[in-house]
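Below are the sequence and a predicted model; questions follow.
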Amino acid sequence: MKNPMFWVLLTGMTILLIQQGLPVHSQGESQTDSKVMDNITVRQGENVFLRCAQGDIVTHTAWLNRSSILYAGEDKWSVDPRVSLVTLNQEEFTIKIEDVDMTDEGPYICAVQTSSRPRTTSVHILVQVPPTIINLSKDIVVNEGSNVTLMCQASGKPEPSLTWKLLSPSVDLVSEDEYLDIPSISRQRAGTYECTAINDIATDVQTVEITVNYAPSVSEGRDVGVTLGQRGVLECEVDAVPKPDFEWYRDERRIFNGLDGMEIEDAGQLSKLTFLNISEADYGNYTCIAINKLGSSNASFVLYEVIEPTSSTLVQGLVGGPLMAEGSTNVLLLTSSVLEKTTSETFALPAGPGAVQDGNSGSMGTHVHTYTCLLLVTLLPFLLKF
């Protein structure tokens, strides 16, 4: 390297002037050209090129960063593998810095010794960093009524703004701060909370899950009617967190799964008591109790008998009385009785060809009514077979 004293003096002055925040000159304002370029803004992870115009007859040239020399002509002084020489000729001296990070932000100086006088060109690199959430509250489980505070902290450049919102279920609850305070939390405000950090570069999003515990609340019991010998089910539905345990009772006696022809099936917030073959002894009052660590709740049910309609009860409904309660035999008795009565009273003919019928008993309307009743009673046993 030619004239090593030049590099020693240049480096010493550059370090001193940069630390003082003054413009860079090597010998004085009248003897040194000094140029300040516009700032270079680059995103973290990108590459940046630093260009310096040469001109005239250049004897020495160098790129400096803060207190160190990156390149002196073609000689690389920096040990950073990301720094490399791109162009060095009479017109241009350009170096490249790859994968720029925050540590690369700051002032850079190109120092050139020409045949006439020294010249410096300074530029400031600004590194933009996308936001990153660096500190976030963990998923939490609390009891209803507790006070909750969520925290979300993020880094980035420019400094990111932060917002909180409840995703599911959707509730109008938003905070534009790194802290979200929820006083006396209710079960309606349990769910997934989203923290968003955003700046001009990008956005980072992370979530926190809040679980709110509360005591069980059993829905009102629904009575069920079942026919003897059939299958019956009582259902007990509850709202509770955490998931409750269920107990079933017949009056004061607890029911256990698999005993007395009854099965108990629990699935989350629902419990079913199933009767495989209803007997007379099964009808009565039942109670479902749901229990978790915060409390309990119960509901009562009535299992009652439903009588299916038979041929006897159907005839009772048609005739309007209990004549048919004994079964099909009475159907025949009823038919023959009615037929006999109708034949003897309604179809009596006059005594002789010249006899005159009584106006009350011999009218056409009476005969029509009589024939209709006779037809209905005669066909009734056949209809009951279907």
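Looks like it arrived, so ask away. Numbering: from 1, shown residues only.

Does residue 188 fall in a helix, a strand, or a coil region?
helix (DSSP: H, G, I helix; E, B strand; the rest coil).

I'd like to know how many residues surround it.
The number of residues packed around residue 188, counting by other C-beta atoms under 10 Å, is 11. Every residue, glycine included, has its C-beta placed from N, CA and C.

in the stretch 1-150 of the chain, which spans are strands?
Counting by DSSP state E, counting those that start in this stretch, the segments of the stretch 1-150 of the chain that form strands are 33-36, 40-43, 48-53, 58-65, 68-72, 75-76, 83-88, 92-97, 106-114, 118-136, 140-143, 148-157.

and the last one, average pLDDT?
This means strand 148-157. Mean pLDDT, computed over strand 148-157, is 96.

got the buried residues for the next helix-or-strand element following that strand?
Following strand 148-157 in sequence order, the next helix or strand is strand 161-168 (DSSP states H and E). Along strand 161-168, these residues count as buried under the neighbour rule (16 or more other C-beta atoms under 10 Å): 162, 163, 164, 165, 166.

circling back: could you dump the strands of the stretch 1-150 of the chain to CSV with distance to residue 195 and mean neighbour count?
Written out in CSV, the entries for those read as follows (distance: least, C-beta to C-beta, whole Å; neighbours: other C-beta atoms under 10 Å):
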stretch, distance to residue 195, mean neighbour count
strand 33-36, 41, 14
strand 40-43, 23, 15
strand 48-53, 32, 18
strand 58-65, 37, 20
strand 68-72, 40, 19
strand 75-76, 44, 13
strand 83-88, 37, 15
strand 92-97, 33, 20
strand 106-114, 32, 21
strand 118-136, 6, 18
strand 140-143, 14, 14
strand 148-157, 4, 18
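
nearest to residue 271, of those?
Between residue 271 and these, the tightest spacing by C-beta to C-beta is seen for strand 140-143, at 23.6 Å.

contacts for the closest one?
148, 185, 208, 209, 210, 211, 212, 213, 214, 294 (C-beta atoms under 8 Å, 6 or more residues apart in numbering).

mind listing what it pairs with, with the direction of each?
Based on DSSP bridges, the pairing partners of strand 140-143 within the sheet are strand 203-218 (parallel).

Report the buried residues of the strand it pairs with.
Of the residues in strand 203-218, 204, 208, 210, 212, 213, 214, 215, 216, 218 count as buried by neighbour count, 16+ other C-beta under 10 Å.

ok, of the contacts of strand 140-143, which one's closest to residue 36?
Checking those against residue 36 with C-beta to C-beta, the nearest one is residue 208 at 47.2 Å.

Nearest residue to the closest one in space, ignoring adjacent ones along the chain?
Spatially, and ignoring its direct neighbours in sequence, residue 208 is nearest to residue 193 (4.8 Å; C-beta to C-beta, 6 or more residues apart in numbering).

list the helices and strands the strand or helix carrying that neighbour packs on?
Element membership of residue 193 [criterion: DSSP H and E] is strand 191-198. Packing contacts for strand 191-198, counted by 3 or more C-beta pairs under 8 Å, 6 or more residues apart in numbering; DSSP states H and E, involve strand 118-136, strand 148-157, strand 161-168, strand 203-218.

from the chain's centre, how far out does stretch 285-298 sit?
Centre-to-centre, stretch 285-298 and its host chain are 28 Å apart (C-alpha atoms, centre = their mean, to the nearest Å).

Endpoints of it, how far apart?
For stretch 285-298, the separation between the terminal residues is 13 Å (C-alpha to C-alpha, to the nearest Å).

so who does the residue nearest to residue 208 touch?
With contact taken as C-beta under 8 Å, 6+ apart, residue 193 is in contact with 150, 164, 165, 166, 167, 180, 207, 208, 209, 210.

what bridges to it?
For residue 193, the residues forming beta bridges with it (DSSP bridges) are residue 166, residue 208.

Can you give me the distance of it to residue 246?
Here the distance between residue 193 and residue 246 works out to 32 Å (C-beta to C-beta, to the nearest Å).
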